[in-house]
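Chemist: need a structure here:
(2 chains)
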Amino acid sequence: MMQPVSPIQTLEADNDQLLVDRARLGDRHAFDLLVLKYQSRLLTLVTRLLPNQSDALDVLQDTFVKAYRSLNTFRGESAFYTWLYRIAVNTAKNHMASRQKESRDLSMDDDQTDADQYAVFQDLGSPDAEAGAEQLQGAILDAIERLPEDLRQALTLRELEGLSYEEIAQAMHCPIGTVRSRIFRARDQVIHEVSERFPGTFL
Amino acid sequence: MTDTLRNSLSALVDQEATEFEARKILDSVKTKPEMKSYFASCQAVRSTLRGEPLVGASLLDRINAEIDGCADAQPILASPKAEVETHVTFLPAREALPNRFAALTGQLAVAASIAFAIVIGVKVVAPMDAQPVVASQQEPLEFIQFQMPVQKETVSVDGVSSAATEQSSRPVARILTENDMKQMVSARLSPYLIRHAENTAVIGDTSVLPLARIMGRDEPIQ
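Modeler: Okay, the predicted model is just below:
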């Protein structure tokens, strides 16, 4: 028996499908939006497979490049993220295999020093960058805390509970348009506040 | 960047943007790079709340640099649209000629069929000896929709006796009233207006004349 498809699922598929269709026709901005949309979610996945931050970022980069090259093979039968997920997992597995091969080659090489071996495996992630990201996340959370109650509630219901606008409207007893407006104003306020604290960041 | 665009971007983050909005965003982002930053910022707020790691803008730059620098990363240019254009441009004249001839033949066949249907329809609706009756009807004939007879039949040369005897079994003509006409016009206009609104949303606000013309009609647009 087929599962009923909810309107939100249809809408999600439509939004992504439009971006994919435009990217297929060579619209790089559409592909950029897809990257921005899924990069954090994919990084979470890849980091579970490859704890090394630098390796994870390399795999993430390869994943999106492969996805771009293979966009013509995406037929929309599954969600775009599901398709990306498979590419990311395969890329991570290949990456791990090549790392293991390098590791075996290094162990057989008598001239290789311990320091060189360490250089292959050491974490190349920048501590400064990580600290900056943590500060940024702290500032975002602070700004969310300072939001008016109705805005914060709408935003958290959306982001943490994953409710659709329609479901939030039912929960908050207000029209969908109001929900949409509240979520927008919440984000806008947070972005504005964080931008003032961290000028020149990507925000 | 206007509030409306930022609002649409926020909805796109939540997968709640309409198709019109998504198209508008994709067209505007080409000339407004700050829209991409705003989209990334909205995603950063989401990632923070969900406990996901933040990714700097450098990753996108690296991805774009690799795609730009790698020839293998450009198969998308062989899009269906490009294939069609190339096919049309480089089709040899010797191959194109039969297609054109076939198209002309098809058009002629369609025109002949329509002419035949009209002749048959006129014979049925207004036989020669019944002309005064039709002319004396009070209600003017605005539109006549013809339908080809389904079953085989013989038409006599004078066209009088057979039309009189077989009239009840022939569903060949129907007179449309003004209401029917309005329904037909409305049914055709609605998709046209939707398409027009869609194109207007994509192109901008440069083409609103059809809407202005329709607004002058008696009935509100459905």
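Chemist: Assumed residue A:76 was part of a helix.
Modeler: No: counting by DSSP: H, G, I helix; E, B strand; the rest coil, one finds residue A:76 to be coil, located in no helix.
Chemist: Which helix or strand in chain B has the lowest average pLDDT?
Modeler: helix B:80-90 (a mean of 39; mean pLDDT, DSSP states H and E).
Chemist: before we move on, what about chain A?
Modeler: helix A:114-121 (a mean of 33).
Chemist: ok, then the element right after it?
Modeler: Scanning forward in sequence from helix A:114-121 by DSSP states H and E, the next helix or strand is helix A:127-145.
Chemist: buried stuff in that next one?
Modeler: Going by neighbour count (16 or more other CB atoms under 10 Å in any protein chain shown), the buried part of helix A:127-145 is A:133, A:136, A:137, A:139, A:140, A:143, A:144. The way it works is simple: take the backbone N, C-alpha and C, and place the C-beta from them, glycine included.
Chemist: does the third one really touch residue B:49, like I thought?
Modeler: No: under the contact definition of CB atoms under 8 Å, residue A:137 does not touch residue B:49, with a separation of 9.4 Å.
Chemist: Pull the residues that contact the host helix or strand of residue A:167.
Modeler: Taking DSSP H and E as the criterion, residue A:167 maps to helix A:165-172. For helix A:165-172, contacts defined as CB atoms under 8 Å, 6 or more residues apart in numbering or on different chains pick out A:7-8, A:150, A:153-154, A:157-158, A:163, A:175-176, A:178-180, A:183, B:14, B:16.
Chemist: Extract the C-alpha set from it and format it as PDB.
Modeler: What follows is helix A:165-172, C-alpha atoms only, in PDB (Å, rounded to 0.1, in the frame of the first residue of the first chain):
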ATOM      1  CA  TYR A 165       4.000  26.200   8.300                       C
ATOM      2  CA  GLU A 166       0.500  24.700   8.200                       C
ATOM      3  CA  GLU A 167       1.300  22.700  11.400                       C
ATOM      4  CA  ILE A 168       2.800  25.700  13.100                       C
ATOM      5  CA  ALA A 169      -0.300  27.700  12.200                       C
ATOM      6  CA  GLN A 170      -2.500  25.100  13.900                       C
ATOM      7  CA  ALA A 171      -0.200  25.000  16.900                       C
ATOM      8  CA  MET A 172      -0.100  28.800  17.300                       C
END
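Chemist: so what's the spatially closest residue to residue A:197 that is not a sequence neighbour up against?
Modeler: Nearest-residue entry for residue A:197: residue A:139, 5.3 Å, with adjacent residues in sequence omitted and distances by CB to CB, 6 or more residues apart in numbering or on different chains. By CB under 8 Å, 6+ apart, the contact set of residue A:139 is A:193, A:194, A:197, A:198.
Chemist: and what of residue A:66?
Modeler: A:87, A:91.
Chemist: helix or strand for it, which one?
Modeler: helix A:53-69.
Chemist: How about residue B:175?
Modeler: For residue B:175, the element it lies in under DSSP H and E is strand B:173-176.
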